[in-house]
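Colleague: Got a sequence here, can you model it:
(2 chains)
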There are 2 protein chains.
Amino acid sequence: MSQDVGQKATITTPSEREIRIERVFDAPRERVFAAHIDPELIPQWWGPREMETVVEEMDATTGGAWRFLTTQPDGRKIVFRGYYREVTAPERIVQTFEWDGMPGYVSVETATFEDLGDGRTKITNVSVFHTTEERDGMLESGMERGLNETYARLDELLAGQAG
Amino acid sequence: MSQDVGQKATITTPSEREIRIERVFDAPRERVFAAHIDPELIPQWWGPREMETVVEEMDATTGGAWRFLTTQPDGRKIVFRGYYREVTAPERIVQTFEWDGMPGYVSVETATFEDLGDGRTKITNVSVFHTTEERDGMLESGMERGLNETYARLDELLAGQAG
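Modeller: Reported below is the predicted structural model:
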């Protein structure tokens, strides 16, 4: 990919079954949060650039489900999905994450949206896996490139909204 | 309940997010294992006595899904479901477990079937939860009584097969 991925997220492994991601966005917290729960906005930023995303289901409330149908560059269809365990605007989203290629492998992602007080917002996203092997599988899946590209797309969406 | 629950399972918490269950059955390993993967047999033993269980889906192969519709004594319907992460006859079943009352709360159960060499079989079932709170929620849900009653029903099924 020749696309600029812009600012890189900080990815760490604070425990043997966690991945922690930190990234700052140059937009107010309400707008960063809204981009995560608005089904109209998801296709504009969610996933790497070459992947198309269709929101099939998205009930961004506690107990609700989400289900995104993606089309890969080679035409393959992959479903990502999960449930919202907690949605507390504009501070916190706790959701499960799984994909149809590995049924029964489920992580829990806790995203915290922090108002930095200068118009910027920091997202801290901690993913918890049942086992270290599952965590390592995610790390080795190319998630870092995909994540940085996803967040670069989110930067662009937020910048466009500001204009 | 005045029902005899028979032999009690040994329940321990080997780590902060695990529950370990051990129980010996007076039947050969192949038959104990078969009772776990045969959709015809599940309604005869799965769950407490007062609950009716209908197998809506059960593809007991690696990657397959299971889905049991239960009816409680008060008429409430509750769905339990998950995926088989591994089915290796007659030794091991790894499956996820969730119920529709708490979407997004998923545990992974690894059941190991050990041939004790004297016609008996020991099941060791380790459940892993994403958090300690989820683990403790399960322990406080009345699972011990339900488990012992379930296993007493399985004893009866296995004894009936032997006759």
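
Colleague: Poorly predicted segments of chain A, please.
Modeller: Chain A contains residues with pLDDT under 70 at A:1-6, A:162-163.

Colleague: Next, name the residue at the spatial heart of it.
Modeller: By CA atoms, centre = their mean, chain A has its centre lying nearest to A:Trp46, at 6.9 Å.

Colleague: contacting residues around that residue?
Modeller: Counting by CB atoms under 8 Å, 6 or more residues apart in numbering or on different chains, A:Trp46 touches A:Thr53, A:Phe68, A:Thr150, A:Arg153. C-betas here are computed from N, CA, C, even on glycine.

Colleague: Looks like A:Pro43 contacts A:Val54 (just checking).
Modeller: Yes: the criterion here is CB atoms under 8 Å, and A:Pro43 meets it with A:Val54 at 6.7 Å.

Colleague: Which strands or helices does the longest helix seen in chain A pack on?
Modeller: Longest helix in chain A, counting residues (DSSP state H): helix A:143-162. Helix A:143-162 is packed against strand A:18-25, helix A:29-37, helix A:42-45, with contacts defined by 3 or more CB pairs under 8 Å, 6 or more residues apart in numbering or on different chains; DSSP states H and E.

Colleague: sorry, back to before: and the contacts of A:Trp46 as a markdown table, adding neighbour count?
Modeller: Shown next, in a markdown table, are these (neighbours: other CB atoms under 10 Å in any protein chain shown):
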| residue | neighbour count |
| --- | --- |
| A:Thr53 | 17 |
| A:Phe68 | 22 |
| A:Thr150 | 20 |
| A:Arg153 | 19 |
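
Colleague: ok, those residues vs A:Glu144, which is closest?
Modeller: Nearest to A:Glu144, judged by CB to CB, of those is A:Thr150 at 10.7 Å.

Colleague: any idea which element the nearest residue to that closest one once chain neighbours are set aside lies in?
Modeller: Sequence neighbours aside, A:Gly47 is the residue nearest to A:Thr150 in space, at 6.0 Å (criterion: CB to CB, 6 or more residues apart in numbering or on different chains). Here A:Gly47 is covered by no helix or strand, with elements defined by DSSP states H and E.
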